[in-house]
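> pasting the sequence and the predicted coordinates here, then a few questions.
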Amino acid sequence: MSAISRSREKWVLLFPAILVLSLITVLPFLQTVWTSFTDAEITAREQQVNWIGLENYIWALTDPDFLEALGRTMYFTAVSVGLEGVLGIAVALLLNQKFRGRWFLRVIIILPWAVPTIVNAVAWRLIYHPDYGALNSLLLQLGFIDSYTSWLGDPDRALNMVILADVWKNFPLVAYIALAAMQTIPGDLLKAAAIEGAGAWKRFRSITLPWIIGPMLVVLILRTIEAFRVFDIIYVMTRGGPSDGTKTASFYVYQEYFSYLRSGSGASYAVVVAGISAVLILAYYAGIRRDQRGA
Amino acid sequence: MTNNLQKKERTAVSSNPILAVENLSKSYGDLRILKDVSVAIEAGDFLVLVGPSGCGKSTLLGCIGGLTEITSGNIQIDGQDVTHTDPAKRDIAMVFQSYALFPNMSVGDNIGFGLEVRKVPKTERDEKVNQVAELLKIEPLLDRAPAQLSGGQRQRVAMGRALVRDPKLFLFDEPLSNLDAKLRVTMRTEIKRLHQRLNASIIYVTHDQIEAMTLATKIVVMKDGVIQQVGSPREIYDTPANIFVADFMGSPAMNILDADVTMDGLMARVEIAREDGQEPLILYDTNPGEGITSRPAGPLKVGLRPEALTDLGSRSVNADQQFDCLLDVVEPAGSDTFAVIRLGGTEVTARMHGDVDVNSGDTVPICFDLTKISYFDPKSGERL
């Protein structure tokens, strides 16, 4: 009896959250899925919307441009999240050492992350500017380049330059979480490892990394999901150019919707992107569960 | 011969030491944690560093292990100067109070970690791990994770990790403090048995004077970063170097009383005041040391262990001076019965036979044994 009323109480308490989530997430998602099976377009006049089955999906999955954009997105995600992980942990190791000025460094290291993405993107666009950008000037003065370069003007290089800007902005979050996790490592563990003969690298591999791997996985999942739907930094820095060199899947969806006004087709791209994100998330969760079982 | 040995031990520097610490100091800013500490042990010694919290004993252990940078002085292990050597290269092993087992590794991998780091081949490593596991009776646990073990089992694994490498020196940092009272006694016995069996050189930190007495072949008593006394458990117990050591070592603590000491022929006459109105106690020490015979008469602090004050039934041949005393409180403790008596302006504890039939408020004859009386300077507290 009490079990039933407790179960009812649970649903009563969950109801407001379920309602809000339904309105802002579930309904738009279902709407998008439905739209993806139609030939809907965004037009000023009333227009007949026809159910066309899987046609949009067949189109999307055979569209070489979209597949390229997906590949680019995966590259962006893998490289930027990978670099953020490595750089974040490296910086956390540094900030976990005792040295003069550590507190100051710990405070200012968060600044790139505290800056809004748009501002960061504009700042890096200026840094990369071919005529008066700081990067050109710095590299020229240091003798690394002979003449000014258009960093974002080269389709083969532009995506990497955007990744650099993205890593710069997001590694502090990873570093902070890694640092917080490192600070919970009992000192005796590292001392014991040192006495057992483990050098710095072995201590990191055997003690520090396994200890922080849980929190690292969580933050890297979040970063992966964010990186996979990257849009704003691309929009501000390159608008997908030059010659589609930085056009990612989300940007492709945006263009399909709002430049070409094909909402049905755009919706199918969006569902594909969401599906891949879902797979990534599930893979990470499986990884975490395995990690927890191992611990 | 015995006297020679004692002298050698008290200076704490031996001829061919496995460990020699010379004039070691450690400061954090203005805070001096260790002050000019010198200590040495020979192979097979079980040295216990004992003292109250904050006396610097764990810091000293950390310095020996290379975990704490020293401010000045020098450390040698087996004749080699390791003052600035990396802990990994000192050929030592350490057992921590927290056990410090690596949570992400199985028990077997924990024990074999040091061997793995040293690139010992897997078959040889497994063999050694199994030997140690057998010695410590933890063979069934080798595949478990540390989180699945009880406190006592973790303790064994931590010891296994130290034993497997067969290092020159073992460091134990309060290894039994996290165990419950009963397990602590069991593990204490096991550590002693291991030491006897392996003849290992051990430095062991504890704040528990009973652990110190039961385990050590040699005890170092510390206070405020300064060594108070170095000696065998017997020496520390019978001839404490000062009032601090006398009070710290032994349970219940040594009775420290105010007394007037004068020479009466070859004997020392020890006069101890009693509660108001009563005649003072006059006791005779038949064999006073030179520190007393050459000293002008006057007030001193004297120290008597509780067992030097006892009832008629359990007295020894030396307890031949007998006075009636009022027992303030009687505390039966099974094998002994402790009684609190007011003497010399303070409370003293007498150790009586467990079966003695006395109650609080009784006045009974108490026999005094002065063969092991200690005399201390009333100002400095140093032994005379």
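That came in fine, so what should we check first? Residues are numbered from 1 along each chain as shown, chains lettered A, B, ... in the order given.
> from now on I want contacts and neighbour counts done on CA atoms only, so please keep to that.
Fine.
> any idea which helix or strand of chain A has the worst average confidence?
helix A:263-294 (a mean of 80; mean pLDDT, DSSP states H and E).
> up against chain B, what does the stretch 51-200 of chain A have?
A:186, A:188-189, A:191-199 (CA under 8 Å from any CA of the partner chain).
> what would those residues look like in JSON lines with secondary structure?
Output for these, formatted as JSON lines (DSSP: H, G, I helix; E, B strand; the rest coil):
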{"residue": "A:Pro186", "secondary structure": "coil"}
{"residue": "A:Asp188", "secondary structure": "helix"}
{"residue": "A:Leu189", "secondary structure": "helix"}
{"residue": "A:Lys191", "secondary structure": "helix"}
{"residue": "A:Ala192", "secondary structure": "helix"}
{"residue": "A:Ala193", "secondary structure": "helix"}
{"residue": "A:Ala194", "secondary structure": "helix"}
{"residue": "A:Ile195", "secondary structure": "helix"}
{"residue": "A:Glu196", "secondary structure": "coil"}
{"residue": "A:Gly197", "secondary structure": "coil"}
{"residue": "A:Ala198", "secondary structure": "coil"}
{"residue": "A:Gly199", "secondary structure": "coil"}
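> which of the residues you listed lies closest to A:Phe251?
Relative to A:Phe251, the closest of these is A:Pro186; by CA to CA it sits at 45.5 Å.
> the closest residue to that closest one other than its chain neighbours and B:Leu136, how far apart?
Of all residues not flanking A:Pro186 in the chain, B:Ala100 sits nearest, at 7.9 Å (CA to CA, 6 or more residues apart in numbering or on different chains). According to CA to CA, to the nearest Å, B:Ala100 stands 18 Å off from B:Leu136.
> again with B:Met187
11 Å.
> same question for A:Trp124.
Distance from A:Trp124 to B:Leu136, by CA to CA: 62 Å.
> low-confidence ranges, chain A, go.
Scanning chain A for pLDDT under 70 picks out A:1-3, A:44, A:290-295.
> if you set the cut-off to 80 instead, what comes out?
Applying pLDDT under 80 to chain A flags residues A:1-5, A:43-47, A:241, A:284-285, A:287-295.
> middle-most residue in it, spatially?
A:Ala227 (1.9 Å; CA atoms, centre = their mean).
> give me the nearest residue to it, chain neighbours excluded.
A:Thr77 (5.2 Å).
> returning to that earlier point: how about the least confident helix or strand of chain A: buried residues?
A:263-274, A:277, A:280-281, A:284, A:288 (16 or more other CA atoms under 10 Å in any protein chain shown).
> do the same with stretch B:186-201
B:187-188, B:195, B:200-201.
> contacts only, for the residue of the stretch 101-250 of chain B found nearest chain A.
Residue nearest to chain A within the stretch 101-250 of chain B (CA to the nearest CA): B:Gly114, separated by 4.7 Å. Applying CA atoms under 8 Å, 6 or more residues apart in numbering or on different chains, we find B:Gly114 in contact with A:193, A:196-198, B:161, B:165.
> one more pass at 7 Å, please.
A:196-197, B:165 (CA atoms under 7 Å, 6 or more residues apart in numbering or on different chains).
> tell me which element it is part of?
helix B:107-117 (DSSP states H and E).
> any idea of the mean pLDDT in that helix?
In this model, helix B:107-117 has an average pLDDT of 92.
> the residue in chain B that chain A sits nearest to: neighbouring residues, count only.
Nearest residue of chain B to chain A, counting by CA to the nearest CA: B:Ala88, 3.9 Å away. When neighbours are defined as other CA atoms under 10 Å in any protein chain shown, B:Ala88 has 21 of them.
> how about the nearest residue to it, chain neighbours excluded?
In this structure, B:Ala88 finds its nearest non-sequential neighbour in A:Gly197, 3.9 Å apart by CA to CA, 6+ apart.
> number of residues surrounding whichever residue of the stretch 101-250 of chain A sits closest to chain B?
Closest to chain B within the stretch 101-250 of chain A is A:Gly197: 3.9 Å, counting by CA to the nearest CA. Using other CA under 10 Å, A:Gly197 has 25 neighbouring residues.
> likewise B:Cys325?
For B:Cys325, using other CA under 10 Å, the count is 18.
> who's in contact with it?
Applying CA under 7 Å, 6+ apart, the residues near B:Cys325 are B:341, B:363-366.
> helix/strand/coil for it?
strand.
> could you give the bridge partners of it?
The bridge-partner assignment for B:Cys325, based on DSSP bridges, gives B:Val364.
> can you pull the pLDDT of it?
What the model reports as pLDDT for B:Cys325 is 88.
> ditto for B:Arg305
93.
> just the one 10 residues further on next, same as before
Reported pLDDT at B:Arg315 in the predicted model: 70.
> which residue packs closest to it, ignoring adjacent ones?
Using CA to CA, 6+ apart, the closest residue to B:Arg315 is B:Cys367 (6.6 Å).
> state the mean pLDDT of the helix or strand containing that neighbour.
For B:Cys367, the enclosing helix or strand under DSSP H and E is strand B:363-368. Mean per-residue pLDDT for strand B:363-368: 89.
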